[in-house]
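Visitor: sequence first, then the predicted structure:
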Amino acid sequence: MSDTATTGSAQRRRRSEPKPYDFRRQSTLSREHVRTMQIVQETFARGFSTMLASQLRSVSQVTIQTIEQHSYDEYIRDLANPNLLTLLSLEPLIGAAIFQIPLEIAFCAIELLMGGSPHGENPQRPLTDLELQLIRGILDRALPELRYAMEPVVATEPKIVSQESNPQYAQIAAPTDMVIVVAFDIRIENVDGVATLCIPFSSLQPHLEALSATSLYGSQSMHNIAETRDRLHEHLGETPVSVSAQFRPIELTADEVVKLSVGDVIPLSHPLDEPLTLVVGGTPTHRARIGRKNRRLAVQIEGIVDPTAMLMPVRPLMIERGHH
């Protein structure tokens, strides 16, 4: 088994092991909050996954593993050392956040960026300055995905503040402060690991409480639907569509079509006093009378037809062959 697989499995075991619980500590992350964060982080995971696949030109997948509440001390003690921790500012949120990426994923991404292929080795060392710059280029492209995902909760502008390899040096909260920890399964080629996003609960709490599950699924959705509908109407008004005036169709055999030649006359079954059918974008919409305006043929609208009406073929007709 490779070092990469061993490290990834160890991380999962650490997160699934039983942990002591302090009953004096009041739980602050409600089901409603978890549901909201689930929607937000699933959106981020999809965007991050697409971005990784595009940048690394390899099969990449990011999925949510868990959304949990911990004290900041519990979160830090759970992380391996060395590691890759990127400290983010999420203005206007107060304080900072941490986006942690396991070293096996970081080294795999660097290998692919340099034109190599993942070989499963996982050197237990901090990244060099050059390696940090390469990873930062990926993270710079991931931040817009995080901004977009968080828009339903709070309009924020994520920015990289610094990067650390030792979790003990990444102090974004007091040891007893509550944080929201989102764990992501990241898989690139044959390498997988668990990344985490840690945000102090106190900075998100006012926004999560203001945005109840009802507003997220209800009024917010209705607002988005109305806004989308208005934009759609605005753009549709300028969209060109094909319009044709059609006679009643006739029916010919394939053999008759093959034998058509110059001079042949095909009688139509359309009565002279019957309006034509106006077809817009392939859909019958109006009845129209054929005529002339100035020096051009024209049609005059006479009524509306059932949009589901079909122009049915009529009985076969005899073709009058031209004289050659």
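Guide: Here it is on my side, so go on.
Visitor: state the mean pLDDT of whichever strand or helix holds Glu42.
Guide: Glu42 belongs to helix 31-56 when assigned by DSSP states H and E. In this model, helix 31-56 has an average pLDDT of 89.
Visitor: show me what the following helix or strand past that helix is packed against.
Guide: Downstream of helix 31-56, the next assigned helix or strand under DSSP H and E is strand 60-71. Contact analysis of strand 60-71 by 3 or more Cβ pairs under 8 Å, 6 or more residues apart in numbering; DSSP states H and E lists helix 31-56, strand 178-188 as its packing neighbours. Every residue, glycine included, has its C-beta placed from N, CA and C.
Visitor: related to what we said a few turns ago, what is the helix holding Glu42 packed up against?
Guide: strand 60-71, helix 103-113, helix 129-150, strand 178-188, helix 201-210, helix 213-217.
Visitor: worst mean pLDDT among those?
Guide: helix 213-217 (a mean of 48).
Visitor: and the chain, what are its domains?
Guide: The record's domain parsing of the chain by automatic domain parsing lists 3-18+26-216, 243-304.
Visitor: format those as TSV; extra columns: mean neighbour count.
Guide: Listed next are these as TSV, based on neighbours: other Cβ atoms under 10 Å:
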stretch	mean neighbour count
domain 3-18+26-216	17
domain 243-304	12
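Visitor: figure out which of the helices and strands packed on helix 31-56 is closest to Gly47.
Guide: For those, the distance to Gly47 is smallest for helix 129-150, at 3.3 Å, taking Cβ to Cβ.
Visitor: relative to helix 129-150, how tilted is the next helix or strand after that closest one?
Guide: Remark: after helix 129-150, the chain's next helix or strand is strand 157-164, criterion DSSP H and E. Relative orientation of strand 157-164 and helix 129-150, computed by axes from the mean of the first three to the mean of the last three Cα atoms, to 10 degrees: 150 degrees.
Visitor: which helices and strands sit right next to strand 157-164?
Guide: Checking 3+ Cβ pairs under 8 Å, 6+ apart, strand 157-164 ends up next to strand 84-91, helix 129-150.
Visitor: of the ones you listed, which is nearest Glu32?
Guide: helix 129-150 (16.7 Å).
Visitor: give me the angle between the closest one and helix 201-210.
Guide: Going by the same axes, to 10 degrees, helix 129-150 makes 20 degrees with helix 201-210.
Visitor: what about Pro152, distance to Thr43?
Guide: 9 Å (Cβ to Cβ, to the nearest Å).
Visitor: same question, Ile67
Guide: 13 Å.
Visitor: ok, Ala210 next?
Guide: 19 Å.
Visitor: Ile180 now?
Guide: 16 Å.
Visitor: same check, this time on Val262
Guide: 62 Å.
Visitor: again, but for Ile94
Guide: 23 Å.
Visitor: can you check Ile250 too?
Guide: 54 Å.
Visitor: for the stretch 151-300 of the chain, which spans come out with low pLDDT?
Guide: 212-239 (pLDDT under 70).
Visitor: which stretch of helix or strand covers Val279?
Guide: strand 276-280.
Visitor: please apply the same query to Thr176.
Guide: Here Thr176 is assigned to no helix or strand, by DSSP H and E.
Visitor: I'd like the helices and strands packed on helix 31-56 as a markdown table, with distance to Thr28 appended.
Guide: What follows is the helices and strands packed on helix 31-56, written out as a markdown table (distance: least, Cβ to Cβ, whole Å):
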| stretch | distance to Thr28 |
| --- | --- |
| strand 60-71 | 7 |
| helix 103-113 | 30 |
| helix 129-150 | 19 |
| strand 178-188 | 6 |
| helix 201-210 | 6 |
| helix 213-217 | 16 |
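Visitor: no further queries at this time; thank you.
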